[in-house]
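1. Give me coordinates for this.
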Amino acid sequence: MSVSTPSLPHVSLPRVDVHDVTERVQDLAASAAERLEDLPDKAVALAGTVIPALRPAPKRSKRPFVLLVLAAIAATAAVAWYMRSRRESSDVYSSVAGMDSTAGQVSAAS
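-> Model prediction:
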């Protein structure tokens, strides 16, 4: 039994001038350095925008709503008291007026 090792096809690499590669690397490094200089300012601006958005909105107090409800209840009670007292006073006047008219009728009959 013979073990055969796989053979790879022969690949030829292009010839590259070291001077061209060096120039490209320097250009890329200069471009990256320019972009990295602006990075802290951009990070601060982004954090200034994002951090307030992450804070929860302040909860509104329920006190104004409770005050409105209490005012509505007080107004309803005041109107009910006024209507009741007005009705009672008109009942008193009508009963007094009814007594006067019956008294006049009784005295006329006698």
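2. And the helices in the protein, which stretches?
-> Secondary structure of the chain (DSSP state H): helices located at 18-54, 63-109.
3. Mean pLDDT lowest where, among those?
-> The stretch with the lowest mean pLDDT among those is helix 63-109, at a mean of 77.
4. quick revisit: distance to residue 4 and mean neighbour count added to the helices of the chain, as JSON lines?
-> All C-beta spots, glycine's among them, are computed from the backbone N, C-alpha and C. Output for the helices of the chain, formatted as JSON lines (distance: least, Cβ to Cβ, whole Å; neighbours: other Cβ atoms under 10 Å):
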{"stretch": "helix 18-54", "distance to residue 4": "39", "mean neighbour count": "9"}
{"stretch": "helix 63-109", "distance to residue 4": "87", "mean neighbour count": "10"}
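5. Tell me which of these lies nearest to residue 9.
-> For the helices of the chain, distance to residue 9 was read as Cβ to Cβ. The smallest value, 25.9 Å, belongs to helix 18-54.
6. what about that closest one, distance to the chain center?
-> Here helix 18-54 shows a centroid-to-chain-centroid distance of 36 Å under the convention Cα atoms, centre = their mean, to the nearest Å.
7. Let me see the domain layout of the chain.
-> Here the domain parsing of the chain from automatic domain parsing is 18-55, 59-104.
8. Dump the ones you listed to TSV, plus distance to residue 11.
-> Formatted as TSV, those follow (distance: least, Cβ to Cβ, whole Å):
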stretch	distance to residue 11
domain 18-55	19
domain 59-104	68
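9. These: which one's closest to residue 8?
-> Short answer: domain 18-55, nearest of these by Cβ to Cβ, at 25.7 Å.
10. give me phi/psi at residue 13?
-> Taking degrees, to the nearest 10, you get phi -90, psi 150 for the backbone angles of residue 13.
11. With the one 4 residues further on instead?
-> With angles defined as degrees, to the nearest 10, residue 17 sits at phi -80, psi 130.
12. how many neighbours does it have?
-> 8 (other Cβ atoms under 10 Å).
13. and residue 55, what is it in contact with?
-> Residues in contact with residue 55 (Cβ atoms under 8 Å, 6 or more residues apart in numbering): none are found.
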